[in-house]
Structure formats: structure tokens, C-alpha cells
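Trainee: Give the three-dimensional model of this entry:
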Amino acid sequence: MTETLAKRTCTPCRSGIPPLTYDQSQRFQSPALGWELRDDAHRIEHTFRFRNFRDALTFVQQVGELAEAEV
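Mentor: Model (predicted):
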């Protein structure tokens, strides 16, 4: 891949656009260390662990802000 995933933006799924194949999903997943393809590559999963509730809450807040910026 010529461009890292971290530099890309989210494009919401739209009707009529087929999901990625398993092979296509694997190409995107391989540079995403710690993430796993699940349910025949229809979803991805990663487990995050935090020292305490405050750190977890801060992380969730940052993820929410990033998601809102993508809309």
C-alpha cells in the first residue's frame, strides 16, 4: 500500500457498494498491528487495556472526537 491507514479518512458504507473481499481486507489489516479480522473479514477487532478508568475514559473521549471530525 502506498499510503498508511493513519493518513486516510473514513468513507461511510453506501448502498450498492460491495464490501471488501477477504483478500482485500487482509491487505488493509496487515499494517494495522494488533487488529484481527473477524466474521469472515466483515469486522475488525482489537482489545485495549488501560491502567485505570480515567485513562480508558480519556481514550474513549479522543476516539469520539476523531469520529466526529470524520463525519
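Trainee: so where do the helices sit in this protein?
Mentor: Secondary structure of the chain by DSSP state H: the helices cover 22-29, 53-70.
Trainee: Can you say which of these is packed in most?
Mentor: Each of these was assessed for mean neighbour count using mean count of other Cβ atoms under 10 Å. The highest is helix 22-29, with a mean of 13. (Glycine included, C-beta is placed from N, CA and C.)
Trainee: now for that one, which elements pack on it?
Mentor: strand 36-38 (3 or more Cβ pairs under 8 Å, 6 or more residues apart in numbering; DSSP states H and E).
Trainee: what are the pairing partners of the strand it packs on, and which direction each?
Mentor: Each strand pairing with strand 36-38, determined using DSSP bridges, is listed with its direction: strand 43-45 (antiparallel).
Trainee: Identify the residues contacting the partner strand?
Mentor: The contact list for strand 43-45 (Cβ atoms under 8 Å, 6 or more residues apart in numbering) reads 29, 32, 35-38.
Trainee: repeat that for 7 Å
Mentor: 29, 35-38 (Cβ atoms under 7 Å, 6 or more residues apart in numbering).
Trainee: Closest to L66 out of those?
Mentor: Minimum distance to L66 across those is 16.0 Å, recorded for W35 (Cβ to Cβ).
Trainee: Regarding the closest one, what are the backbone dihedral angles?
Mentor: phi -100, psi 140 (degrees, to the nearest 10).
Trainee: on that earlier part again, whichever of the contacts of strand 43-45 end up buried, select them in ChimeraX.
Mentor: Burial among those is assessed by 16 or more other Cβ atoms under 10 Å; the matching ChimeraX selection reads:
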select :29,37
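Trainee: So among the contacts of strand 43-45, where is pLDDT lowest?
Mentor: Taking pLDDT as the measure, these have their low point at Q29 (79).
Trainee: Contacts only, for it.
Mentor: Q29 makes contacts with 35, 37, 44, as judged by Cβ under 7 Å, 6+ apart.
Trainee: Could you dump the helices of the chain into JSON lines with distance to G16 added?
Mentor: Written out in JSON lines, the entries for these read as follows (distance: least, Cβ to Cβ, whole Å):
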{"stretch": "helix 22-29", "distance to G16": "17"}
{"stretch": "helix 53-70", "distance to G16": "21"}
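Trainee: With that, I have no additional questions.
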